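1. pasting the sequence and the predicted model now:
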Amino acid sequence: MKSVKDYLNLPYNYIIQPISDESGFYYYAKVLEFDGCQSTGESFEEAYNNVKEAMEGWIETKLENGFEIPMPVGYESFSGKFVIRIPKSLHYKLAIEADQEGVSLNQYALYKLSR
C-alpha cells in the first residue's frame, strides 16, 4: 500500500484557470483524477500550492477510510479512437460536407472536433 507521500509524487493532472466573477478575480484549481479535490488562490502559484495541500488531505482521508486512490491519467491511457452515436440527420449532413471537401468522414469529423 502506498503512502500519502507516494501518491503526491505521482504525475497527477492539475487544471488551473483564471476566474472573474461576482467575488472578484482569482484562480480555481482542481485535480482531474480526484473528484472534489479543488482549491483557489489569488495567483496561479497560490492556487497550485493550495490544491497540492488539498490533495494531501483528500488522499489522507481516502486512505484512512479504505477507499482506492485513482492513478494518474496519461496519454498512454488513450487509443485515439472512440465511438459516438449521432442522429441520422447529422450523419447525413457530415457525410455530404466531407464529400464536398473531398475528404473521408473521419478526416472531416476530426477537422470539426479540432476547431
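-> Noted; the coordinates are in hand. Numbering: from 1, shown residues only.

2. name the residue most distant from the centre of this protein?
-> residue 100 (34.5 Å; CA atoms, centre = their mean).

3. nearest spatial neighbour of residue 27, skipping sequence neighbours?
-> Excluding its sequence neighbours, the residue lying closest to residue 27 (CB to CB, 6 or more residues apart in numbering) is residue 47, at 3.7 Å. C-beta here means a position set from N, CA and C on the backbone, and glycine is covered the same way.

4. the one you found is in contact with residue 16, isn't it?
-> Yes - taking contacts as CB atoms under 8 Å, residue 47 lies within contact range of residue 16: 5.3 Å.

5. which one of those two has more residues nearby?
-> More crowded of residue 47 and residue 16, by other CB atoms under 10 Å: residue 47, with 24 against 16.

6. where are the low-confidence patches of the chain?
-> 1 (pLDDT under 70).

7. ok, back up a step: how near is the residue nearest to residue 27 to residue 63?
-> 24 Å (CB to CB, to the nearest Å).

8. and residue 10, by the same measure?
-> 14 Å.

9. and for residue 10, the neighbour number?
-> 11.

10. ok, now residue 70?
-> By the criterion of other CB under 10 Å, residue 70 has 14 neighbours.

11. name the SS class of it, please.
-> Classification of residue 70 using DSSP: H, G, I helix; E, B strand; the rest coil returns coil.

12. ok, now which ones touch it?
-> 33-34 (CB atoms under 8 Å, 6 or more residues apart in numbering).

13. tell me how far the spatially most central residue of the chain lies from residue 52.
-> When CA atoms, centre = their mean is applied to the chain, the residue found nearest the centroid is residue 32 (4.8 Å). Distance check for residue 32 against residue 52: by CB to CB, it reads 14 Å.

14. let me see the domain layout of the chain.
-> 4-64, 79-114 (automatic domain parsing).
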